[in-house]
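[1] Sequence first, then the predicted structure, then my questions.
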Amino acid sequence: MRRPAAGALVLGCGNPIMGDDGLGLVALEQLRREWELPPSVTLVDGGTWGMNLLPLIEDAAQLLLLDAIRGGQAPGTLIEIERADLPRYFSLKISPHQIDLREVLGLAELRGTLPAQAVAIGAEPEFVDLATGLTPAVAARVDDVVLRAVDRLAHWGYRPARRDALVHA
């Protein structure tokens, strides 16, 4: 029997030593640093967890993936993929981490435990190979990825608040 959903899971995906593939982790860290989120929103660095992510995904009411997303666009183009299109997105492997994540999401879908509300938010990568740091085109979009994530969390009923706004209130 499935447990009641535990809230939203924000999963930063990627590998920080593979250039733009680290976008999801950079965006996740910025979200953690700059935004106050309710306890029902869980932020997880999912970089190399593999199948260990399955229970977290299955327990979530909503799933928000932050990642570099290859969509055939210009580098840095913002891309948002809704749940219905996620299987197509994960069929196009852009980096080693997606092998595990694709399998985890596929298994959750097969078991009927993939959250009904799920979205991937990211940007088109320019360079995915052994390198640290994001290319300028992708680094320039981190703020936009985070703001789209915040908007989605707000749409789902969570109340993100910018930390600097809390200090000045």
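    Received it, and whenever you're ready, just let me know what you need. Residues are numbered from 1 along each chain as shown.
[2] contacts and neighbour counts: CA atoms only from here.
    Fine.
[3] Flag the helix or strand of the protein with the lowest per-element mean pLDDT.
    Every helix and strand in the chain was compared by mean pLDDT, DSSP states H and E; the lowest is helix 86-91, with a mean of 69.
[4] can you give me the mean pLDDT across whichever helix or strand comes after that one?
    Sequence-wise, the next helix or strand downstream of helix 86-91 (DSSP states H and E) is helix 97-111. Helix 97-111 carries an average pLDDT of 78.
[5] Helix 97-111 packs against which elements?
    With contacts defined as 3 or more C-alpha pairs under 8 Å, 6 or more residues apart in numbering; DSSP states H and E, helix 97-111 has these neighbours: helix 54-59, helix 86-91.
[6] gap between the first one and the chain center?
    Which is helix 54-59. The chain centroid and the centroid of helix 54-59 are separated by 14 Å under C-alpha atoms, centre = their mean, to the nearest Å.
[7] Ok, stretch 39-51 next?
    Mean C-alpha position of stretch 39-51 versus that of the full chain (C-alpha atoms, centre = their mean) differs by 9 Å.
[8] which parts of that stretch are buried?
    Val41, Thr42, Leu43, Val44, Asp45, Gly46, Gly47, Thr48, Gly50 (16 or more other C-alpha atoms under 10 Å).
[9] Can you give me the end-to-end span of that stretch?
    Its first and final residues considered, stretch 39-51 spans 24 Å by C-alpha to C-alpha, to the nearest Å.
[10] Good, we can wrap up now.
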